[in-house]
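# Need coordinates for the following:
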Amino acid sequence: MDKQIRLARTILNGFEAYFAEFENITLAARTRFENGEWAATHEASTRRIDVYKEKVLDVLGFVKYIAGDRLNDRLFWSETREVYAGLVRGMTNFEIAETFYNSVYNAIFGHQHIRDDYAFVFSPQGDMPPVDVSKVVRRYSPTKSMSENVRRLLEDYALSLPYEDMERDVQHICDAIRSQLRDHFPLDADTLEVQLLEHHFFRNKAVYIVGRIVAGGKQMPFVIPMLHNGDIENPAVYIDAALFGPDLVSMLFSFTRTYFMVDASIPSQYVLFLQQLMPKKAISEIYSAIGHHRHGKTFYYRSACRHMQATTDSFVVAPGIKGMVMTVFTLQSYEFVFKIIKDRFTPPKEVTHELVREKYQLVKRWDRAGRMADTQEFTNLVFERARFSDELMQELHETCPSQIVEHGTALIIKHCYVERRMTPLNLYLQTANDDEVEAVMLDYGKSIKELAAANIFPGDMLLKNFGVTRHGRVVFYDYDEIEPLLKCNFRRIPPPRDDYEEMASQPWYSVGPYDIFPEEFRLFFSGNQRARKAFDAHHSDIYDVEFWHGLQERLRAGHVDDFIPYPQRLRFSRSAA
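Got it, this is the predicted structure:
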């Protein structure tokens, strides 16, 4: 067992090196925010994602050397797993450590032979450590007046920058809490307690204080967003809003947004508290939201296995217009869809399988600006063949036969993505009333503009490539044509020089690979004049080439936009109290 012990310790050492670097990048978030280093904030977010794979690859070299001729011996790995399970038993972050082991194992075996005998498909210690959430919570009880408690709260969560106007912020927060008490807690304010997670949540150009209000056995999720005033000469912070309720907090932790940086040295403490605030949100998504997206994938897989065991409905082709690049299927009882890259793409698509995978990886590392869905990537995913409908099997054999293998009663999909299911925008519009059309087309235009502000041009802006979440937000989910906005060449269509050119079926002008003609965007609404009218009322500037040139100039000047993850109407006024 000497070799197995050395191998297990080597993998654990690699995990601890990874976790330490993850923590160091996270801990520097406060300084980056205080200094207003927004470009560095984005770079650090990307770096923290990349460091996981780097550490796995570092460990892999040692693993191959230590294992020697037993590298592909599954009995050897079964024994190593038992040793590793003993090493991580009782660790406060054992679940993350087990996922790291799985990553090393999968790198050796190519995501094959994934069994509990050799890896941690399910943990012998359970899904999460038995933690005490109360140890990471600060409490503000009614021993003093509400304003005194809120003032103490802001002092406790103060950064090195001063508040722009603390008394104004205290008044805003107190007014917002009283309004919630009046509407949701028919109790005297003296019974109220505010419970807040002890560390700040940093993301993009904002920092959040996250917790809840508790009174009379009820709870109300409660988040205080804090922003930097951007003043170089007199930098300060201010409270921008007060957010209440699980829906607003869930939108803040959405699968469409960049991962938070929060000093959660015991991740499960924060995950459990947040899950209490957002009971409808999957625990896998909460792990991902605080940066542990690899373990989020592990937790998702475990939950998916349990769902498959507890249900009997068949996998079917996902509703909506079939894509030119992806084949998509789902279960009616399931909140996710599975997307497989086709073997051949429907004309005029000219991308490759490898290019599509690169685009999805790009989205994982990019600032998604709250407008692109996060995905989980799987290799050699095993399903029960009998649960696939005849229609779906025919679709798979016709569109992506190289990606499926039928082995006995199993169907193996060699490569796919899993994504939160949404209602395709074109389908949503078919049954929407006038007010819903107005609201969703307003948000559709906002999604295009916010993606552009994050240096993302979606490429194909057809309505079918956008989805509507349960909160009514419009999200882009078709990534095969995305490009950095700064790479695009936005042009006007030159006027035809004669009648022959005007009547020509093909363009009479040259078109480069990155040339974009905003005038043509009106074609995306073909056949839906109701949607076109609503869109034009708010976003006709998208058809103007100068709009896109202006965005490019801002990006080239180093401007980093704000992506406020809550309604504008909730933001406080910055005038003096």
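
# check which helix or strand covers S447.
helix 434-453 (DSSP states H and E).

# Going by neighbour count, which residues of that helix are buried?
For helix 434-453, burial by neighbour count (16 or more other CB atoms under 10 Å) applies to 437-438, 440-453. (Glycine included, C-beta is placed from N, CA and C.)

# could you dump stretch 80-92 to PDB, C-alpha only?
The C-alpha trace of stretch 80-92 is given here as PDB (Å, rounded to 0.1, in the frame of the first residue of the first chain):
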ATOM      1  CA  THR A  80      -5.900   4.800  -3.500                       C
ATOM      2  CA  ARG A  81      -9.400   6.100  -3.200                       C
ATOM      3  CA  GLU A  82      -9.800   4.400   0.200                       C
ATOM      4  CA  VAL A  83      -6.600   5.900   1.400                       C
ATOM      5  CA  TYR A  84      -7.700   9.400   0.200                       C
ATOM      6  CA  ALA A  85     -11.100   9.000   1.800                       C
ATOM      7  CA  GLY A  86      -9.300   8.500   5.100                       C
ATOM      8  CA  LEU A  87      -7.100  11.500   4.600                       C
ATOM      9  CA  VAL A  88     -10.000  13.900   3.900                       C
ATOM     10  CA  ARG A  89     -12.300  12.400   6.500                       C
ATOM     11  CA  GLY A  90     -13.400  15.200   8.800                       C
ATOM     12  CA  MET A  91     -11.900  18.000   6.700                       C
ATOM     13  CA  THR A  92     -14.200  21.000   6.600                       C
END
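
# which parts of that stretch are buried?
Neighbour counts using 16+ other CB under 10 Å place T80, R81, V83, Y84, A85, L87, V88, M91 of stretch 80-92 among the buried residues.

# Contacts for that stretch next, please.
1, 4-5, 7-9, 11-12, 94, 97-98, 101, 117-120, 124-125, 129, 131, 265-266, 268 (CB atoms under 8 Å, 6 or more residues apart in numbering).

# What is the distance between it and the centre of its chain?
30 Å (CA atoms, centre = their mean, to the nearest Å).

# and what of stretch 547-559?
25 Å.

# same deal with stretch 169-183?
30 Å.

# for the residue nearest to A236 when sequence neighbours are not counted, phi and psi?
Setting aside the residues directly before and after it, A236 is nearest to E164 in space (CB to CB, 6 or more residues apart in numbering), at 4.2 Å. E164 has phi and psi values of phi -60, psi -40 when expressed as degrees, to the nearest 10.

# element containing F378?
strand 375-384.

# From the contact counts, what lies against the next helix-or-strand element following that strand?
Sequence-wise, the next helix or strand downstream of strand 375-384 (DSSP H and E) is helix 390-399. Packed against helix 390-399 by the contact rule (3 or more CB pairs under 8 Å, 6 or more residues apart in numbering; DSSP states H and E) you find strand 315-317, strand 326-331.

# I'd like the distance between E354 and E43.
For E354, the distance to E43 (CB to CB, to the nearest Å) stands at 25 Å.

# Compare the two and say which is more crowded by neighbours.
E43 (12 against 9; other CB atoms under 10 Å).

# Just say helix, strand or coil for that one.
State at E43, reduced to three classes by DSSP: H, G, I helix; E, B strand; the rest coil: helix.

# Could you report the pLDDT at it?
pLDDT recorded at E43 is 95.

# cool, and F525?
At F525, pLDDT is 68.

# Please apply the same query to the one 4 residues further on.
With respect to pLDDT, Q529 has a value of 86.

# What count of nearby residues applies to it?
Residues lying near Q529 (other CB under 10 Å) number 9.

# and the helix holding S447, what does it pack onto?
Against helix 434-453 (3+ CB pairs under 8 Å, 6+ apart) you get helix 425-431, strand 466-468, strand 474-476, helix 529-539, helix 545-556.

# chain center to that helix: distance?
19 Å.

# ok, back up a step: now the contacts of stretch 80-92: which count as buried?
Judged by 16+ other CB under 10 Å, buried ones among these: 4, 7-8, 11-12, 94, 97-98, 101, 118-120, 125, 129, 131, 266, 268.

# among the residues you listed, which are in strands?
Using DSSP state E, no member of the buried ones among the contacts of stretch 80-92 falls in strands.

# Return the set of residues that bridge with M220.
Beta-bridge pairing of M220 under DSSP bridges involves I213.

# neighbouring strands for the strand holding F378, and are they parallel or not?
Using DSSP bridges, the strands paired with strand 375-384 are strand 410-420 (antiparallel).

# Quick one: residues in contact with the strand it pairs with.
Contacts of strand 410-420 (CB under 8 Å, 6+ apart): 255, 300, 304, 335-341, 357, 360, 373-385, 388, 402-406, 469, 477.

# so how far is that strand from its chain's centroid?
With CA atoms, centre = their mean, you get 19 Å for strand 410-420.

# Can you list the buried residues in it?
By neighbour count on 16+ other CB under 10 Å, the buried set for strand 410-420 is L411, I412, I413, H415, C416, Y417, V418, E419, R420.

# Just want the most central residue of the chain.
For the chain, the residue sitting closest to the mean C-alpha position, by CA atoms, centre = their mean, is F255 at 3.3 Å.

# for that one, what are its contacts?
E285, S288, A289, A373, D374, R420 are the contacts of F255 under CB under 8 Å, 6+ apart.
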